[in-house]
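Undergrad: build me a model:
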Amino acid sequence: MKIGGNMDEDQILQRFRAGLKEELGNIDLYPREDLDHLSPVDMDNILYFTFDEVSPVGFRDSIDSKVLDQIPFLSLALEYFAIIKANEKIKLTKRGNLPRKVCLDLYETGIIKEDYIEKGYIKLNKEGDLVAIQNVKIIGLLSGLTKKRKNEISFTARGEKLLGIGSRKDLLDVLFRTNCQKFSLGFHDGYSQHAVMQDIFCYTLYLLLRYGDEKRPAEFYAEKNLMAFPNYLNHFRDGWSSQKDQFRTCYEIRVLERFLKYYDFVEYDNKRSPLSSIEPVYVKTTEIFREVFELKVDKFKFKKSAHQA
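TA: You can find the predicted model right below:
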């Protein structure tokens with residue numbers, strides 16, 4: 001049966017189905033308010049292909065050497081690797097820890113200070129007292145730059161090559177990727193190990209690139225994450241505080257205080273009183289962060305307006 005000129009019912013139905021199929025195929029390209037106006041495809045690329053060509057966030061192609069000089073975690077790692085190089089290996093204690101002298105030597109460089117030591121809450125005696133130094137050791141192993149054999153740490157062939165002829169930018173790339181993709185951000189605290197944070201961490205990179213040049217409460221970023229990943233609350237149980245408060249505190253500790261701050265990528269000074277968990281802590285990106293990472297607007301899978309991009 002002909003309808004409206006030369007098209008019959010079958011042709012109209014086929015065209016409708018083709019249009020519907022195309023429309024459904026493009027749903028993941030539409031911006032969503034709960035994802036901060038990202039499309040699901042953009043979010044997927046940010047979370048799972050963060051440092052690949054398709055991602056809207058990533059390292060800048062070129063990073064000035066003066067900027068690299070100012071990244072504390074990179075500097076601490078270089079000091080640690082220098083000790084291994086000077087001695088060819090580091091013999092660990094019977095419990096598999098770095099010797100106390102190595103820990104003292106690294107801490108006394110003053111590159112990364114731990115508040116609880118500086119305030120006299122504990123005295124430095126062992127590797128376990130130093131979160132940043134322990135992270136350097138573990139991330140070195142996870143990255144494949146070092147290896148542990150017969151209770152000794154030494155370089156791998158990859159480590160010798162990278163530290164011998166590679167650039168510091170390449171080393172930063174390896175350390176940071178390992179830190180956010182392989183190292184458990186919950187290694188040092190008592191929160192749920194199911195809420196490891198690195199599975200959603202790279203969304204924070206996007207948020208910081210978009211909003212971080214202005215000082216905002218840390219809760220702003222926690223709320224943005226909960227809006228995008230509401231099921232994450234299921235990793236926490238109501239008890240001494242609400243699920244939401246636990247998420248917020250866990251997020252601040254794992255993502256801001258014991259990760260990004262170690263690289264000096266954020267200004268985050270938690271002076272909150274232990275008796276006042278509701279007192280806001282403010283976050284702002286540093287110039288170093290903005291010199292290391294960039295938002296690649298041309299990589300978004302939909303056309304964003306100026307205020308969104």
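Undergrad: when you work out contacts or count neighbours from here on, use the C-alpha atoms and nothing else.
TA: Will do.
Undergrad: so in this structure, where's the weakest helix or strand by average pLDDT?
TA: Every helix and strand of the chain was ranked by mean pLDDT, DSSP states H and E. The lowest is helix 9-25, at a mean of 51.
Undergrad: after that helix, which helix or strand is next? Please name it.
TA: helix 40-48 (DSSP states H and E).
Undergrad: pull out the buried positions in that next one.
TA: 40-43, 45-47 (16 or more other CA atoms under 10 Å).
Undergrad: quick one, helices of the stretch 201-309 of the chain?
TA: Along the stretch 201-309 of the chain, counting by DSSP state H, counting those that start in this stretch, helices occupy 201-211, 218-228, 243-251, 287-292.
Undergrad: give me the angle between the third one and helix 201-211.
TA: To tie it back to what came earlier, the one meant is helix 243-251. 90 degrees (axes from the mean of the first three to the mean of the last three CA atoms, to 10 degrees).
Undergrad: who does helix 243-251 touch, helix- and strand-wise?
TA: helix 218-228 (3 or more CA pairs under 8 Å, 6 or more residues apart in numbering; DSSP states H and E).
Undergrad: where's the closest residue in space to Lys113 that isn't next to it in sequence relative to Ile288, distance?
TA: What sits nearest to Lys113 in space, not counting adjacent residues and going by CA to CA, 6 or more residues apart in numbering, is Tyr107, at 7.2 Å. According to CA to CA, to the nearest Å, Tyr107 and Ile288 sit 22 Å apart.
Undergrad: let's have the helices of the stretch 201-309 of the chain in a markdown table, adding distance to Lys148.
TA: Shown next, in a markdown table, are the helices of the stretch 201-309 of the chain (distance: least, CA to CA, whole Å):
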| stretch | distance to Lys148 |
| --- | --- |
| helix 201-211 | 28 |
| helix 218-228 | 37 |
| helix 243-251 | 31 |
| helix 287-292 | 31 |
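Undergrad: let me have the ones you listed in TSV, adding mean pLDDT as columns.
TA: Formatted as TSV, the helices of the stretch 201-309 of the chain follow (pLDDT from 0 to 100):
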stretch	mean pLDDT
helix 201-211	96
helix 218-228	95
helix 243-251	90
helix 287-292	98
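Undergrad: closest to Asp36 out of those helices?
TA: Closest to Asp36 of the helices of the stretch 201-309 of the chain, according to CA to CA: helix 218-228, at 7.5 Å.
Undergrad: how far off centre is the closest one?
TA: 15 Å (CA atoms, centre = their mean, to the nearest Å).
Undergrad: do the same with stretch 88-101
TA: So, by CA atoms, centre = their mean, the centroid of stretch 88-101 is 28 Å from its chain's centroid.
Undergrad: same question, stretch 175-186
TA: Worked out by CA atoms, centre = their mean, stretch 175-186 lies 7 Å from the chain centre.
Undergrad: list the buried ones in that stretch?
TA: Of the residues in stretch 175-186, 175-181, 183-186 count as buried by neighbour count, 16+ other CA under 10 Å.
Undergrad: and if you look at stretch 61-73?
TA: Buried residues in stretch 61-73, counting neighbours by 16+ other CA under 10 Å, are found at 68, 71-73.
Undergrad: redo the residues you listed as CSV? Include secondary structure, pLDDT and distance to Tyr263.
TA: As requested, the buried residues of stretch 61-73 are exported to CSV (DSSP: H, G, I helix; E, B strand; the rest coil; pLDDT from 0 to 100; distance: CA to CA, whole Å):
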residue, secondary structure, pLDDT, distance to Tyr263
Leu68, helix, 97, 10
Ile71, coil, 98, 5
Pro72, helix, 98, 5
Phe73, helix, 98, 5
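Undergrad: in CSV: those residues, plus distance to Gln198.
TA: Below are the buried residues of stretch 61-73 laid out as CSV (distance: CA to CA, whole Å):
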residue, distance to Gln198
Leu68, 23
Ile71, 21
Pro72, 21
Phe73, 18
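Undergrad: nearest to Ile84, of these?
TA: Phe73 (16.7 Å).
Undergrad: was I right about that closest one contacting Lys261?
TA: No. Here Phe73 does not reach Lys261: they are 9.1 Å apart, not a contact under CA atoms under 8 Å.
Undergrad: and Ala132, what does it touch?
TA: 73, 112, 258, 262 (CA atoms under 8 Å, 6 or more residues apart in numbering).
Undergrad: do that again at 10 Å, thanks
TA: Contact analysis of Ala132 by CA atoms under 10 Å, 6 or more residues apart in numbering lists 72-73, 76-77, 107, 111-114, 138, 258-259, 262.
Undergrad: go on, Phe81?
TA: By CA under 10 Å, 6+ apart, the contact set of Phe81 is 75, 87-89, 136-137, 140, 145-146, 154-155, 159-160, 163.
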